[in-house]
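Novice: coords please:
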Amino acid sequence: MSHFKKSFFIFLFLYFLPCQLKAYTLKELIELANKKHPLLQQLRFNVSSQKEKFKASYDPYYPSLDFSLGYTNYIQSRLNPQLNDKNYYSGSITLSYTLFDQKRSSTKEIKRYTFLIEENTYKSYEKDITKLIKDLYYKILVEKKKLSERKEALNAAKRSLDLAIAKKDVGIAKLSEVYQANVRYENAKLAVIESQNNLKKVLYELESIIDIPLSENDIEGTIEPAYIPFSEQDIVNIAIERREELQREKLVLKSIEEEKTITKAQFYPTAQAFVSYHRNDSSFVPPPSKEETRLELTINWNLFSGMGKYHNIRATEYSSEAQKKKIEELIRTIKLEVKKTYADFQTATEQIKVSEALVKSAKQNYEQAFEEYRIGKGDILSLIQSEIDYANAKDNYINSILNQNLSKNLLERVIGITNFEDLK
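Specialist: Presented below is the predicted three-dimensional model:
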């Protein structure tokens, strides 16, 4: 019976183990951040608000229906009983429609551009969060890799210390060699502790964004050297097409052009049509003693009200020219930023090649130094230095891969995309 219970508990453990050890992919982390980040939620509400205001801007295109009901009590009639008219009831229904108003279309377009600008701002910050998550994700993978490498370096230092102790016990090594090997061993311990702390801090950063507790086992994936399948000029062209700041400034320019149209509309008349029904009587229920149905056509045209209209037109023209120059400067800045970031990516790519070659050389040097010290041809200082060089070479190689991936993330953000793979 006890054997059956034991088997049953093992089955339950293995059944629920995959759920307990759920690890997050990069895509899942980005989705969590986009869903839970407070500022993104705020911007989503702002977008919804501007969208509703844009919908409301269609109202001037619809007819307007008004109903009024009035009651008047004459105090003089109340004071003089000989007068019969003490109450007066009135009511009306009016249907009106704006036939022509030059400002109507431009006002609606300005609301639309305001909505698009708010939506663009949301997408821009969403990409900022995506880049931040990708950076933290790669940093976690690198810190996990560093921790693993430093534990290997700790084992190598322990191996050298054990060898020094063994040689000292048989009288072919000095006590100072043991001390020197032990110093290296303790420094390797400190490196492991430092790496563990760095990993925790990066995990804390990611936790604060997705609002979920994390451990190093909750993040899955590998980090490899990155590749960009586009030339520098292709990337510049993509940035000019997709960069959010540039799109926003172009929308602002269109909004200014619509404001110019609204200003010019002051020189045009407005036309409205009215259909109304009026009735009034001294009593509310009986048929009215007086009723009236009217059809009206009204044209309003302000011929002169000062020179402000002319100055306002000139002001919007100057604003439009200023906005065009702002866009030109932004394009220049974007091109420069893209080229510099792309150069950083290329440099990081070259550093990976050099670092990889350095790891191979440092490994060969360490293996040679260990063997020479083991057979008595080498000294402990050369062995310790080769250990340090090998550990540093592996650290540099991992850092170079991280720097290249961070450069790629930054380049994607600079040109206004979330991933180069989406452009293929």
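
Novice: switch to C-alpha atoms for all contacts and neighbour counts from now on
Specialist: Will do.

Novice: given the helix or strand residue 98 falls within, what are its sheet partners and their directions?
Specialist: Assessed by DSSP states H and E, residue 98 sits inside strand 87-100. With DSSP bridges as the test, strand 87-100 is paired with strand 64-73 (antiparallel), strand 270-281 (antiparallel).

Novice: and the ones you listed, which is most packed in?
Specialist: strand 270-281 (a mean of 17; mean count of other C-alpha atoms under 10 Å).

Novice: what sits up against that one?
Specialist: 88-102, 288-301 (C-alpha atoms under 8 Å, 6 or more residues apart in numbering).

Novice: all strands for the stretch 251-400 of the chain, in order.
Specialist: Assigned by DSSP state E, counting those that start in this stretch, the strands in the stretch 251-400 of the chain fall at 270-281, 290-300.

Novice: which secondary structure elements does the shortest one contact?
Specialist: Under the contact definition 3 or more C-alpha pairs under 8 Å, 6 or more residues apart in numbering; DSSP states H and E, strand 290-300 sits against strand 270-281.

Novice: now the strand it packs on: mean pLDDT?
Specialist: Averaged across strand 270-281, the pLDDT comes to 86.

Novice: then stretch 100-115?
Specialist: 93.

Novice: quick one: contacts of it?
Specialist: Taking C-alpha under 8 Å, 6+ apart as the rule, stretch 100-115 contacts 47, 50-51, 53-54, 57-58, 60-61, 251-252, 254-255, 258-259, 261-262, 265, 268-272.

Novice: give me the beta-bridge partners of the residue nearest to residue 298 when sequence neighbours are not counted?
Specialist: Leaving aside its sequence neighbours, residue 298 sits nearest to residue 272 (C-alpha to C-alpha, 6 or more residues apart in numbering; 5.2 Å). On the basis of DSSP bridges, residue 272 is bridged to residue 98, residue 298.

Novice: quick one on the thing from earlier: residue 204 is nearest to which of the strands paired with strand 87-100?
Specialist: Of all these, strand 64-73 sits nearest to residue 204, with 57.8 Å by C-alpha to C-alpha.

Novice: returning to what we had before: mind giving me the ChimeraX select for the contacts of strand 270-281, buried ones only?
Specialist: For the buried members of these, the matching ChimeraX selection, counting by 16 or more other C-alpha atoms under 10 Å, is:
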select :89,90,91,92,94,96,97,98,101,102
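
Novice: list the contacts of the residue nearest the centre of the chain.
Specialist: Note on the chain: the residue nearest the mean C-alpha position is residue 126, at 2.2 Å, using C-alpha atoms, centre = their mean. By C-alpha under 8 Å, 6+ apart, residue 126 lies in contact with 34, 40.

Novice: next, it: phi, psi?
Specialist: phi -60, psi -40 (degrees, to the nearest 10).

Novice: what does the pLDDT read for it?
Specialist: 95.

Novice: so which residues of the stretch 1-150 of the chain form helices?
Specialist: 2-20, 26-36, 38-56, 75-79, 102-169 (DSSP state H, counting those that start in this stretch).

Novice: ranking the ones you listed by burial, who's on top?
Specialist: Buried most deeply of these, by mean count of other C-alpha under 10 Å, is helix 102-169, with a mean of 20.

Novice: all good on my end, thank you.
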